[in-house]
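A.B. asks: Next come a sequence and a model predicted from it.
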Amino acid sequence: MINRVVLVGRLTRDPELRRSAAGGSVAVFTVAVDNLGKEKSTSFIPCVVLNDQRADTVAKYARKGLLVGVEGRLNQRSFVRQDGSKGSILEIICDSVQFLERREGPVANEEMEIPQFDDVAAPAQDDNKNLDSIEITDDDLPF
């Protein structure tokens with residue numbers, strides 16, 4: 001089975017940095033994603049970064065309104081509210097968070113490089129492979 005999610009959207013608020021029970025960093029934020037369709041609508045997707053270094057970086061550099069790319073997996077968890085009722089939440093556990101634009105303001109004036117985290121290794125490039133010269137016969141086409 002496959003459980004992969006890729007989203008591009010804007011942060012609805014500044015990320016919140018928390019500490020796990022083990023003492024590690026956890027960043028929590030929400031991404032607003034526009035839905036395609038006849039009627040315009042927006043989904044608000046909760047996201048969690050569990051990796052210490054990534055969580056610290058997201059909390060330090062990301063701000064409300066920033067366009068981000070998020071890659072990860074869906075996670076559903078249950079909880080009990082203060083009134084005793086049960087609840088459930090569906091969230092993205094982020095493997096990768098990429099900042100897709102530079103922000104204006106005091107942080108941008110510091111000329112600091114914002115790191116990008118991506119665990120997916122780039123495919124090895126074969127310079128001898130010319131994709132412009134692929135030959136396809138009519139029998140290979142699905143239509």
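C.D. replies: That came through, no problem.

A.B. asks: In its sheet, which strands sit next to the helix or strand Ala27 falls within, and in what direction?
C.D. replies: If you go by DSSP states H and E, Ala27 is part of strand 25-35. The pairing partners recorded for strand 25-35 under DSSP bridges are strand 5-11 (antiparallel), strand 16-19 (antiparallel), strand 41-49 (antiparallel).

A.B. asks: Restricting to C-alpha, output the last one in CSV.
C.D. replies: Same thing as strand 41-49. Extracted in CSV, the C-alpha atoms of strand 41-49 (Å, rounded to 0.1, in the frame of the first residue of the first chain):
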residue,chain,number,x,y,z
SER,A,41,-13.0,26.1,-1.7
THR,A,42,-10.0,25.7,0.5
SER,A,43,-8.9,22.8,2.7
PHE,A,44,-6.9,23.4,5.9
ILE,A,45,-4.5,20.5,6.4
PRO,A,46,-2.7,20.1,9.8
CYS,A,47,1.0,19.2,9.4
VAL,A,48,3.6,17.9,11.9
VAL,A,49,7.4,17.8,11.5
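
A.B. asks: Contacts for it next, please.
C.D. replies: 7, 9, 12, 15, 26-35, 55, 58, 70, 72, 75, 89-94, 97 (CB atoms under 8 Å, 6 or more residues apart in numbering). For the C-beta atoms, the positions are set from N, CA and C on the backbone; glycine is no exception.

A.B. asks: in the following helix or strand past it, what counts as buried?
C.D. replies: Scanning forward in sequence from strand 41-49 by DSSP H and E, the next helix or strand is helix 52-61. Within helix 52-61, the residues scored as buried using 16 or more other CB atoms under 10 Å are 54-55, 57-59, 61.

A.B. asks: what does stretch 17-37 give?
C.D. replies: Quick answer for stretch 17-37 (16+ other CB under 10 Å): 17, 25-31.

A.B. asks: to the chain's geometric centre, what's the distance from it?
C.D. replies: Relative to its parent chain, stretch 17-37 has a centroid offset of 9 Å by CA atoms, centre = their mean, to the nearest Å.

A.B. asks: Tell me how many other residues crowd Gly65.
C.D. replies: Other residues near Gly65 come to 13 when the count uses other CB atoms under 10 Å.
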